[in-house]
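Asker: Sharing a model that was predicted from the sequence below.
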Amino acid sequence: MKLIVLVFTFFSALNAVSSELPWCSDPSVRLSIFKVPCKEDPRLPVEFDIPELKLDFDALKKIFEGAESSGGHVVGPMNTPRRTRPLTPFTLNMKCSARLLSDGGKSVSFLSLQSTTLTESRYSTYLYEDQWKHFLTEENDLYPARMIEIPMAPAVEIGNYSVSLGYKKGINRRADKLTLSVCEANLGSNDVGSTGACAEIEKSAYSKTFKARLKTLTSNPSENLKIQKTLEVTCLK
């Protein structure tokens with residue numbers, strides 16, 4: 001009799017522990033970058049795994065396979081370019097925010113955000129791959145009304161972007177110009193000067209706001225997939 005009671009107690013405890021585990025189909029399990037203990041879901045699969053976005057994971061997989069954000073940010077043989085003297089004869093401090101929209105023409109898009117600072121001494125930098133924060137959004141927009149942060153990055157190249165300032169001295173101080181450039185280059189190669197595409201904006205050196213936007217297209221013929229990447233960098237004094 002005691003044996004029956006012990007067996008019953010053991011299975012009751014096991015069932016209690018199991019009932020506390022999340023379903024293996026739960027978004028918190030499926031999106032986690034770590035292995036999460038879970039229980040098999042005997043229920044019929046739900047149509048959407050993220051109710052907030054009504055996101056169908058099969059559709060997401062067809063966009064581009066998500067990958068864990070990589071650690072470290074050495075992007076090329078030169079890393080951050082070294083400068084020997086200040087860019088401008090005056091003090092410069094610009095807070096820059098970068099928005100990268102990766103759109104595969106599907107039901108959702110990836111939106112990645114990053115911030116950096118440019119000064120008269122540090123006027124060229126990379127947008128490091130491990131510094132992006134990634135979000136999903138239904139809107140093909142750099143400024144969506146709704147977005148959900150996720151612990152994965154789109155499996156497209158997002159580590160080859162650089163931001164830099166240029167300075168042109170005018171005939172007088174009010175004629176001085178600053179140029180904001182954003183580029184996507186093959187920074188992982190030995191050819192440091194290998195640039196894929198750039199966009200730039202030139203304004204008075206005394207302007208308060210600088211904004212540049214770069215659009216590039218990545219294609220995968222074998223999967224009939226095209227991904228448009230739009231990078232916008234806004235710098236404020």
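Answerer: Structure's in. What do you need?
Asker: in terms of contact, does residue 108 touch residue 138 like I think?
Answerer: Yes: contact criterion Cβ atoms under 8 Å: residue 108 and residue 138 qualify, at 5.7 Å. Yep, even glycine has a C-beta here, placed from its N, CA and C like the rest.
Asker: Neighbour count for those two, which is higher?
Answerer: residue 108 (23 against 17; other Cβ atoms under 10 Å).
Asker: what about the more buried one, distance to residue 228?
Answerer: 14 Å (Cβ to Cβ, to the nearest Å).
Asker: before we move on, what about residue 201?
Answerer: The value you get for residue 201 to residue 228, if Cβ to Cβ is used, is 21 Å.
Asker: same deal with residue 177?
Answerer: 31 Å.
Asker: now swap in residue 104 and tell me
Answerer: Shown here: residue 104 relative to residue 228, a distance of 8 Å by Cβ to Cβ.
Asker: Show me which of these two is the more surrounded one.
Answerer: residue 104 (22 against 16).
Asker: For that one, what are phi and psi?
Answerer: Main-chain dihedrals, residue 104, degrees, to the nearest 10: phi -100, psi 10.
Asker: Model confidence score at it, please.
Answerer: pLDDT for residue 104: 79.
Asker: With the one 4 residues further on instead?
Answerer: Looking at residue 108, its pLDDT reads 82.
Asker: same thing with residue 154?
Answerer: 80.
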